[in-house]
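1. How does the following fold in three dimensions:
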Amino acid sequence: MRRLQVTNAEEMQLALKDEVKKSEEARYNHRCHAVLLVISGQSCYQVATLLGHSPRTIQRWVNQFKDGGFDGLRDHFNGGRPARLTEEEQRQIARDLRKPPRTFGYAQNLWDGKLLSYHIQKTFGKVLKVRQCQYLFHKLGFRQRKPRAVSAKADPVAQNVCKKNSDAWLNEEM
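-> Numbers count the residues shown, from 1 in each chain. Predicted coordinates for the structure are as follows:
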């Protein structure tokens with residue numbers, strides 16, 4: 001039998017690898033094929049070379065199959081670190097953020113990460129750092145507003161002359 005040739009073999013190989021990575025079912029089938037090749041008598045090194053993985057990866061898949069059967073080859077969700085705030089606490093914080101900070105006895109007019117961190121510690125007894133609170137603003141659908149800086153010694157008439165949209169500036173150009 002004549003050997004088959006594929007044009008752009010390297011490019012097609014990369015495309016097939018990308019296709020395997022896209023779908024959970026494709027990754028599962030890929031792992032099944034790897035285990036099948038090892039069970040059929042090929043070494044982990046041969047299978048790794050053939051499929052483009054490390055031999056250690058193939059060994060891990062074979063061990064997962066031995067320990068867990070077909071379910072051992074499926075992707076499992078590793079949830080990560082549990083949230084410090086419960087869903088109900090987050091809803092309460094969202095309700096609190098809709099009110100001005102002065103409602104809770106704070107001296108500020110606007111919420112920021114530092115104030116929210118203090119509020120969470122005071123209300124729930126849980127410590128969240130400023131950056132985590134800034135992320136929480138975003139997660140809950142809020143944005144942090146910052147007050148505009150106002151110079152104490154500013155002359156409003158002189159400022160108005162410098163503004164592009166002011167009538168004084170338009171009159172000077174003509």
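
2. What separation is there between residue 20 and residue 110?
-> Applying Cβ to Cβ, to the nearest Å, the value for residue 20 to residue 110 is 50 Å. From N, CA and C alone the C-beta is placed, and that goes for glycine too.

3. Looking at the two, which one has more neighbours?
-> Between residue 20 and residue 110, residue 20 has the larger neighbour count (other Cβ atoms under 10 Å), namely 17 against 11.

4. And the next helix or strand past the one helix or strand the more buried one maps to?
-> Counting by DSSP states H and E, the element that carries residue 20 is helix 9-22. Beyond helix 9-22 in the direction of the C-terminus, DSSP H and E gives the next helix or strand as helix 24-39.

5. helices or strands up against the one helix or strand residue 88 maps to?
-> Remark: residue 88 resides in helix 87-97, with elements defined by DSSP H and E. For helix 87-97, the packing partners by 3 or more Cβ pairs under 8 Å, 6 or more residues apart in numbering; DSSP states H and E come out as helix 113-124, helix 130-139.

6. and of the ones you listed, who's closest to residue 81?
-> helix 130-139 (11.7 Å; Cβ to Cβ).

7. so what are the domain limits for this protein?
-> Annotated domains of the chain cover 9-73, 87-139 [automatic domain parsing].

8. how long is the last one from one end to the other?
-> With Cα to Cα, to the nearest Å as the measure, the first residue of domain 87-139 is 12 Å from its last.

9. centre of the chain versus it, how much separation?
-> Its chain's C-alpha centre lies 22 Å from the corresponding centre of domain 87-139 when counted by Cα atoms, centre = their mean, to the nearest Å.

10. The longest one now?
-> Relative to the mean C-alpha coordinate of its chain, domain 9-73 is positioned 28 Å out (Cα atoms, centre = their mean).

11. Give the helix, strand or coil label for residue 141.
-> Of the three states, residue 141 takes coil under DSSP: H, G, I helix; E, B strand; the rest coil.

12. Name the helix or strand of the chain that has the lowest mean pLDDT.
-> helix 167-173 (a mean of 54; mean pLDDT, DSSP states H and E).

13. Residue ranges in the chain under the pLDDT threshold?
-> Confidence mapping of the chain against pLDDT under 70 gives the ranges 147, 164-174.

14. change it to 50
-> 169 (pLDDT under 50).

15. before we move on, back to that, how about the helices and strands packed on helix 87-97, which one is nearest residue 84?
-> Nearest to residue 84 among the helices and strands packed on helix 87-97 is helix 130-139; the distance by Cβ to Cβ comes to 8.0 Å.
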